[in-house]
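1. Provided below are the primary sequence and the corresponding predicted coordinates.
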Amino acid sequence: MSLTLEAVLAARNVDVSLHVEPGETVAVMGPNGAGKSSVVQSLAGLLKPDSGRAVLDGTTLFELSGAGPGRWLPPHARGVGVLAQEPLLFPHLNVLDNVAFGPRSRGASRRESREAARRWLGEVDAVELARRMPAELSGGQAQRVALARALATEPSLLLLDEPMAALDVNSTPFLRSLLKRVLAGRRAIIVTHDVLDALMLADRIIVMEGGRIVESGPTAAVLAHPRSSFAASLAGLNVLTGTLSGTTLMMSDGGRVAGQPAAGPGGTPVGDGFAGLHTQGLAAEAPRAEGGPEGMAAFPPSAVSVFLAPPAGSPRNCFAVVVDQLEPQGGHIRVRAGALAADVSPAAVAELGLAPGAEVFFVVKAAEVRLYPA
Ligand SMILES: Nc1ncnc2c1ncn2[C@@H]1O[C@H](COP(=O)(O)OP(=O)(O)OP(=O)(O)O)[C@@H](O)[C@H]1O
C-alpha cells in the first residue's frame, strides 16, 4: 500500500521517481520551472508523461512506454484529490452542493452526499458558508471550501499545488493551520515555495532542480545539512519548536522564547514583517514540551546579535550557545551554534574574537520572532 511514480516528460526535461507511504505528507520544493507542477499534474491525470508508471495502493494510474497506447486512468477514477492555487469552484452551485458534488458523482444519494458535504465543511470550519454562492466568498473562504470538496471524495492521495500562493497574507496563517490539522495522517504531496509550509505541514521534503529530484529527506534534516544549492538557499531560518502560551514559546529544555504571534485560527495576523524570510532559513528542531498547543518560533539570522555576556536587564531573548563554525555569506559571516545561526559583520567577528568553541550569547528581540501554531 503505497504510491510509486516514475515519469519522464521529455518536452519539459522532467525525469522523476518517487515513493510516498500512506499517511505521509511530502513537500515538493524547488526553483521556478524545476518540474514540481509537472509531477503533480501527472499524478492528477492532467498531464500525460511520455513514459513511466504510477501505482496508488495497487491501482495503476498510468503505465506508458512510449510505444502503444499504454494505460491511462482518467482523473476522476484515480482516487486523487487536488487543491490548486485557485479554488475553481462550480460558480452555479452553492457551497454545500460544490462539496457534495464528489460524493454524489460517486453514487451517493442526494441526502447522503449533502450530509457528507456538511461533515467536510465542518472539518474546514466552513459550515456557516454552506448556502453561499462561490461569488460571495473571500479568497480564503473559497480555498477552504475547495479543500472540503477535495476531501469529500475521500482521496487516497491529496495533491496541493501551491494552495496558499493566491491568498492574501492575512488568510495564509488560517489556511496553514487548517492544513496542518487536515493533513495529519493523510497521504499528501504539497508543492510550495515557503519553507515554513514544508516545516509545518510535511514529514519529508523533496527538492527538485532542472526536472530531477536532487534531494529528499526529513525537512529539518535537509535544511540543517543542505546538499543542493536550492536547499542551501532555504537554509538559514532559525526555527525552534515547543508549546505556545500567549506570546511565549516554551521549549522542552525549559527555555522560553518571546515573540509575536503570526496568527492562529481566529487570531489576528500581525502584518507581513516576515515576508521574504522563507528564502533564508536554517532548520533547528528542539524536542517538544508538554502541555499547550504545539508551535514554532522563527527568526532570521540577521535578527540575531552576538554578545560575550548576557545583556543585563534586557527583555530580549537570550540563548547561551557554543560557536560551531563561521561561514562567509555575501558581505557578512554566518555564525552557527548548535541549532541556531546569527549573521554578523566581519568587524564584529574580529571584535568579539569569535571562533569555533567560543561561548557566547545569541540575542534576538521579541519583535523579530514570529510565533506559529504548529
Ligand atoms: N504548458 C507547458 N508546455 C510546455 N512546457 C511547459 C509547460 N508548462 C511548463 N513547462 C516547462 O516544463 C518545465 C517544468 O515546469 P513546471 O511548471 O512543472 O515547474 P514548476 O517547478 O512547477 O515551476 P513553478 O514553480 O514556476 O510553478 C519548465 O521548463 C517549464 O518551462
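-> Alright, I've got the coordinates. The structure presented is a predicted model; accordingly, all values stated were derived computationally and were not measured. Numbering: from 1, shown residues only.

2. show me where pLDDT drops low in the chain?
-> The chain contains residues with pLDDT under 70 at 233, 235, 263-291, 313-314, 374.

3. what about the helices in it?
-> Along the chain, counting by DSSP state H, helices occupy 36-44, 95-105, 110-123, 139-152, 172-183, 195-201, 219-224, 229-234, 346-352.

4. Could you pull out the strands in the stretch 251-374 of the chain for me?
-> In the stretch 251-374 of the chain, strands defined by DSSP state E, counting those that start in this stretch lie at 256-258, 260-261, 294-299, 305-307, 317-322, 325-329, 332-337, 340-344, 359-364, 370-373, listed in chain order.

5. Quick one: closest of these to L56.
-> L56 sits nearest to strand 294-299 of all the strands of the stretch 251-374 of the chain, at 30.3 Å, using CB to CB. Bear in mind the C-beta positions are built from the backbone N, C-alpha and C, glycine included.

6. so what strands line up beside that closest one?
-> Sheet pairing of strand 294-299 (DSSP bridges) gives strand 238-245 (antiparallel), strand 370-373 (antiparallel).

7. List the residues that contact A126.
-> Applying CB atoms under 8 Å, 6 or more residues apart in numbering to A126 gives the contacts V95, Q141, R144, V145, A148.

8. Return the distance of it relative to I190.
-> According to CB to CB, to the nearest Å, A126 stands 20 Å off from I190.

9. G211 contacts K36, doesn't it?
-> No. Using CB atoms under 8 Å, G211 is not in contact with K36; the gap is 9.9 Å.

10. Settle it for me: which of these two has more neighbours?
-> For G211 and K36, the more surrounded residue by other CB atoms under 10 Å is K36, and the numbers stand at 27 against 20.

11. thinking the more buried one is in contact with H193, fair?
-> No. K36 lies out of contact with H193 (CB under 8 Å); the separation is 9.2 Å.

12. correct me, but I189 touches L159?
-> Yes. I189 lies in contact with L159 (CB under 8 Å); the separation is 5.4 Å.

13. Which neighbours do those two have in common?
-> Jointly contacting I189 and L159 under the rule CB under 8 Å, 6+ apart are V40, L43.

14. Dump the strands paired with strand 294-299 to CSV, plus distance to the ligand and mean neighbour count.
-> CSV is the format used below for the strands paired with strand 294-299 (distance: least, CB to the nearest ligand atom, whole Å; neighbours: other CB atoms under 10 Å):
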stretch, distance to the ligand, mean neighbour count
strand 238-245, 23, 22
strand 370-373, 23, 24
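
15. what about those, which gets the closest to A320?
-> Of all the strands paired with strand 294-299, strand 238-245 sits nearest to A320, with 14.2 Å by CB to CB.

16. chain center to that closest one, what's the gap?
-> 16 Å (CA atoms, centre = their mean, to the nearest Å).

17. Around the ligand, which positions in this protein sit nearby?
-> Within the chain, the residues that sit near the ligand (CB under 6 Å from any ligand atom) are A11, R12, V14, G30, N32, G33, A34, G35, K36, S37, S38.
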